[in-house]
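K.L.:
A structural model of the following input is requested.
(2 chains)
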Amino acid sequence: MSDPRAPQVDRPARRALAIAAALVAASLVVPLLAPHAPDAIDLAARRAGPSVAHWMGTDDLGRDVLSRVLHGARLSLLVGLASAAVTLGLGVVVGVGAGWRGGALDTLLMRATDALLSMPRLPLLMVAAAILEPGAAALAVLVGATGWMETARVVRAEVLALRGRPFIDAVRASGAAEWRILARHLVPNAAPTIAVAATLAVGRGILLESALSFFGVGVRPPAPSWGNMLYQAQQSLTVAPWAALAPGACIFATVFVINSLGARIARGDLEARPA
Amino acid sequence: MNGFQLTARRAAQALPLLLLVSVIGFTLLHLVPGGPLDVYLSSPNVRATDIARLREAYGLDRPLAVQYLAWLAAFVRGDWGYSFTDGRPVLTRLLERVPATLELMASALAIALVLSLVVSLWRARRPRGGAVVDAMATAGISLPVFWLGLVAQLLFAVALRWLPSSGRMTFDGAGLADRLRHLALPALVLATVHVAAWTRYLGASLDGVLRAPWMRAARSRGVREGTLLARHALRPALLPFVTVVLLDAALLVSGAVVTESVFAWPGLGGLFAEALARRDYALLMAFLMLTSTAIVTLNLVADVAYRWIDPRLRDA
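P.N.:
You can find the predicted model right below:
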């Protein structure tokens, strides 16, 4: 690749990246293609199996599952991506701060990171979401703010490794300001590490949103998200299994694509490194 | 520093975390609009003056910090309050659920350990199968656990009728076979995430060990492939794996909450989901404290175990 600072991405990774981008684009465009309004109730066709009119069947209230899945993609991906942005922001700041400065700041930040890692994340989030009743944006912040610790750790390790490399000394010797060294030279060289952390964070964010919504404390009905569709479908699981299968399969497929992308980037990065 | 001192120091460092969890939990639970007594307002027989009287009786009119210290003092003495929903002591309600949770967690862990070991060793022997195993492991960590549970119920309980869909036993005092049949689905579902995560980890660490120069040395001495893998490669790869397993305690807790509520397993996780749906605050608070204590303890054990297993770290 021409730009040495760009993340080392091989062809399968680019393909996966394209798929991920296509997913996001589709989630924005496809709701327009949905055959029905996501909240159109058809009481005559409640819990109807897949048919020509309703490709994925209908749910408890006779709403079209396919249309709800398409619309649900928006909220699920939004929460996943926004929470990952929060996670990355916090994780990179803490990781770079600890790794670059070292000393007492490093000790303090890493102690805090280790401590927060042993909090019961899901139960705490469930209680917080049940009481605060956050909207989609606040939910993303909650999920992101409780998940930055692993990112901080890997970024710190990467910064520690990069800090002693000659090119950093060279930039410093040429009189670059500290923020410039960090922003232009250090962080871009940690890009593959950060990219892998990003894919993990997006996947976790989507899974956590769906888990919270599954317990009825995440995205509130009637707005469809993949998680709260499952929450509603659970009650009539044996009568209308299609209402539960479709949104779950979407969550799984999306997170799988994103995680595979992360695995590819990690492997590409590993092979690109000098042994 | 000897092992005992180190353990004591780590334990002391864990205390602030438990206090932090308790402060977060306590503050959250008092942020509820109307406070914890809000539920009584849904009854037409309760008037505003009754609420005021109750607030005073429960000490809810005192400053939050004072209430927190009072709660903390009681909590440390083992007085964990009473459940809103059935009036019984929280501690009793939690303790009666412990055996079921331990049964589920222990079986899931055993399944996950065996499966991840077998799969990683198989992967190491057959490099061509590596890609398939890796893809499956990635799939495993991408699965929403509750959905996996629902699909397993649909497939094995509803469609095939091989196994019961929920509960721990058909009736009180049911035989071992019945209990095992109930245990199978939730334990397998709970194990899946761990199998996937651990296979990824063990696979990567075995890959690293297999490339080590002393592996080539051993092979050139004529050590058989099986022995090579089991004795020379597995042991160093297992070293960090032990801590990974113990550090996954937090994952196990969230997995249990989800799995138990999907399968109506009468354990702590199911109780938590129930308490959440009914906003049983005393119970929620106690559960948060109990799980964070358990996680912190297991992390402490991981720390000590790592030093005990790897003699090089003992004097460090």
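K.L.:
what pLDDT does A:V127 get?
P.N.:
At A:V127, the predicted lDDT confidence score is 90.
K.L.:
At the contact with chain A, which residues of the stretch 151-300 of chain B appear?
P.N.:
With Cβ under 8 Å from any Cβ of the partner chain as the criterion, the stretch 151-300 of chain B meets chain A at residues B:151, B:153-154, B:158, B:249-250, B:253-254, B:257-258, B:261, B:272-273, B:276-277, B:279, B:284, B:287-288, B:291-292, B:295-296, B:299. Where C-beta positions appear, they are placed from N, C-alpha and C, glycine not excepted.
K.L.:
Can you flag the buried ones in the residues you listed?
P.N.:
Applying a neighbour-count criterion of 16 or more other Cβ atoms under 10 Å in any protein chain shown, the buried members of these are B:151, B:153-154, B:249-250, B:253-254, B:257-258, B:261, B:272-273, B:276, B:279, B:284, B:287-288, B:291-292, B:295-296, B:299.
K.L.:
Can you tell me what sits against stretch A:67-74?
P.N.:
Under the contact criterion Cβ atoms under 8 Å, 6 or more residues apart in numbering or on different chains, stretch A:67-74 has outside partners A:23, A:26-28, A:30-31, A:33-38, A:40, A:56, A:59, A:224-226, A:229, A:246-247, A:250, A:254.
K.L.:
picking up where we left off before, from the residues of the stretch 151-300 of chain B next to chain A, which land in helices?
P.N.:
Restricting those to those inside helices, with DSSP state H as the criterion, leaves B:151, B:249-250, B:253-254, B:257-258, B:261, B:272-273, B:276-277, B:284, B:287-288, B:291-292, B:295-296, B:299.
K.L.:
what sits against residue 187?
P.N.:
Picking chain A for this. Each residue near A:V187 by Cβ under 8 Å, 6+ apart is listed here: A:V92, A:V96, A:I194.
K.L.:
think we crossed wires, I meant chain B
P.N.:
When contacts are counted by Cβ under 8 Å, 6+ apart, B:A187 is found next to B:L104, B:S107, B:A108, B:I111.
K.L.:
Can you give me the pLDDT of A:A45?
P.N.:
Predicted confidence (pLDDT) at A:A45: the value is 67.
K.L.:
how distant is the lowest-mean-pLDDT helix or strand in chain B from the center of its chain?
P.N.:
For chain B, the helix or strand with the lowest mean confidence is helix B:48-58, at a mean of 79 (criterion: mean pLDDT, DSSP states H and E). From the chain centre to the centre of helix B:48-58 is a distance of 38 Å (Cα atoms, centre = their mean, to the nearest Å).
K.L.:
which parts of it are buried?
P.N.:
Buried residues in helix B:48-58, counting neighbours by 16+ other Cβ under 10 Å, are found at B:I51.
K.L.:
Following that helix in sequence, what is the next regular element?
P.N.:
Remark: after helix B:48-58, the chain's next helix or strand is helix B:64-76, criterion DSSP states H and E.
K.L.:
Report the rounded mean pLDDT for that next one.
P.N.:
Mean pLDDT, computed over helix B:64-76, is 87.
K.L.:
Ok, stretch A:144-162 next?
P.N.:
Predicted confidence along stretch A:144-162 averages 91 (mean pLDDT).
K.L.:
Can you identify each of the helices in the stretch 101-250 of chain A by residue range?
P.N.:
Listed in chain order, the helices found in the stretch 101-250 of chain A under DSSP state H, counting those that start in this stretch are A:103-117, A:121-132, A:136-145, A:149-163, A:166-173, A:178-180, A:187-189, A:191-214, A:226-233, A:242-272.
K.L.:
Please produce JSON lines containing these, extended by distance to B:F75.
P.N.:
JSON lines is the format used below for the helices of the stretch 101-250 of chain A (distance: least, Cβ to Cβ, whole Å):
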{"stretch": "helix A:103-117", "distance to B:F75": "20"}
{"stretch": "helix A:121-132", "distance to B:F75": "16"}
{"stretch": "helix A:136-145", "distance to B:F75": "25"}
{"stretch": "helix A:149-163", "distance to B:F75": "26"}
{"stretch": "helix A:166-173", "distance to B:F75": "50"}
{"stretch": "helix A:178-180", "distance to B:F75": "46"}
{"stretch": "helix A:187-189", "distance to B:F75": "44"}
{"stretch": "helix A:191-214", "distance to B:F75": "27"}
{"stretch": "helix A:226-233", "distance to B:F75": "32"}
{"stretch": "helix A:242-272", "distance to B:F75": "38"}
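K.L.:
can you tell which of those helices is closest to B:R216?
P.N.:
helix A:242-272 (20.6 Å; Cβ to Cβ).
K.L.:
Now do that closest one against helix A:191-214, angle only.
P.N.:
Helix A:242-272 and helix A:191-214 are oriented at 170 degrees to each other (axes from the mean of the first three to the mean of the last three Cα atoms, to 10 degrees).
K.L.:
Report the backbone C-alpha coordinates of the least confident helix or strand of chain B in CSV.
P.N.:
What follows is helix B:48-58 as a C-alpha-only set of coordinates in CSV (Å, rounded to 0.1, in the frame of the first residue of the first chain):
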residue,chain,number,x,y,z
ALA,B,48,-49.4,10.6,50.0
THR,B,49,-49.3,10.9,53.8
ASP,B,50,-48.7,7.1,54.1
ILE,B,51,-45.7,7.5,51.7
ALA,B,52,-44.3,10.3,53.9
ARG,B,53,-44.7,8.2,57.0
LEU,B,54,-43.0,5.3,55.2
ARG,B,55,-40.1,7.5,54.0
GLU,B,56,-39.5,8.5,57.6
ALA,B,57,-39.8,5.0,58.9
TYR,B,58,-37.3,3.7,56.3
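K.L.:
and the residue nearest to the spatial centre of chain B, what does it touch?
P.N.:
Computing the C-alpha centroid of chain B and ranking residues by Cα atoms, centre = their mean puts B:V253 first, at 2.1 Å. Taking Cβ under 8 Å, 6+ apart as the definition of contact, the neighbours of B:V253 are A:P120, A:L122, A:P123, B:G269, B:T291, B:A294, B:I295.
K.L.:
can you pick the most crowded of the residues you listed?
P.N.:
With neighbours defined as other Cβ atoms under 10 Å in any protein chain shown, the most crowded of these is B:G269; it has 30 neighbours.
K.L.:
ok, back up a step: can you tell which of the helices of the stretch 101-250 of chain A is closest to B:P127?
P.N.:
Within these, the stretch nearest B:P127 is helix A:242-272; the backing value is 14.3 Å (Cβ to Cβ).
K.L.:
Indicate the residue of the stretch 1-150 of chain A located nearest to chain B.
P.N.:
In the stretch 1-150 of chain A, the residue that lies nearest chain B is A:L122 (3.4 Å; Cβ to the nearest Cβ).
K.L.:
OK, contacts around the residue of the stretch 1-150 of chain B found nearest chain A?
P.N.:
Relative to chain A, the nearest point of the stretch 1-150 of chain B is B:W147 (3.3 Å; Cβ to the nearest Cβ). When contacts are counted by Cβ under 8 Å, 6+ apart, B:W147 is found next to A:S210, A:L230, A:A244, A:G248, A:I251, A:F252.
K.L.:
surely the fifth one meets A:L207?
P.N.:
Right, A:I251. Yes. Between A:I251 and A:L207 there is a contact at 7.1 Å, judged by Cβ atoms under 8 Å.
K.L.:
ok, those two, which is more surrounded?
P.N.:
Of the pair A:I251 and A:L207, A:I251 is the one with more neighbours under other Cβ under 10 Å, namely 30 against 26.
K.L.:
Please report how far that one lies from A:G227.
P.N.:
7 Å (Cβ to Cβ, to the nearest Å).
K.L.:
any idea how far stretch A:217-226 is from the chain center?
P.N.:
With Cα atoms, centre = their mean as the basis, the mean position of stretch A:217-226 lies at 17 Å from the chain mean.
K.L.:
is chain B contacted by it?
P.N.:
Yes. Stretch A:217-226 lies in contact with chain B when judged by Cβ under 8 Å from any Cβ; the contacting residues are A:V217.
K.L.:
Please save the CA atoms from that stretch in PDB.
P.N.:
Below are the C-alpha coordinates for stretch A:217-226, written out as PDB (Å, rounded to 0.1, in the frame of the first residue of the first chain):
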ATOM      1  CA  VAL A 217     -34.400  -2.300  29.400                       C
ATOM      2  CA  GLY A 218     -32.600  -1.300  26.200                       C
ATOM      3  CA  VAL A 219     -34.200   0.300  23.200                       C
ATOM      4  CA  ARG A 220     -37.900   0.800  24.200                       C
ATOM      5  CA  PRO A 221     -40.800  -0.500  22.000                       C
ATOM      6  CA  PRO A 222     -42.500   0.400  19.700                       C
ATOM      7  CA  ALA A 223     -39.300   1.500  17.900                       C
ATOM      8  CA  PRO A 224     -37.900  -1.800  16.600                       C
ATOM      9  CA  SER A 225     -34.300  -3.000  17.400                       C
ATOM     10  CA  TRP A 226     -33.100  -6.500  16.900                       C
END
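K.L.:
Understood, closing this out.
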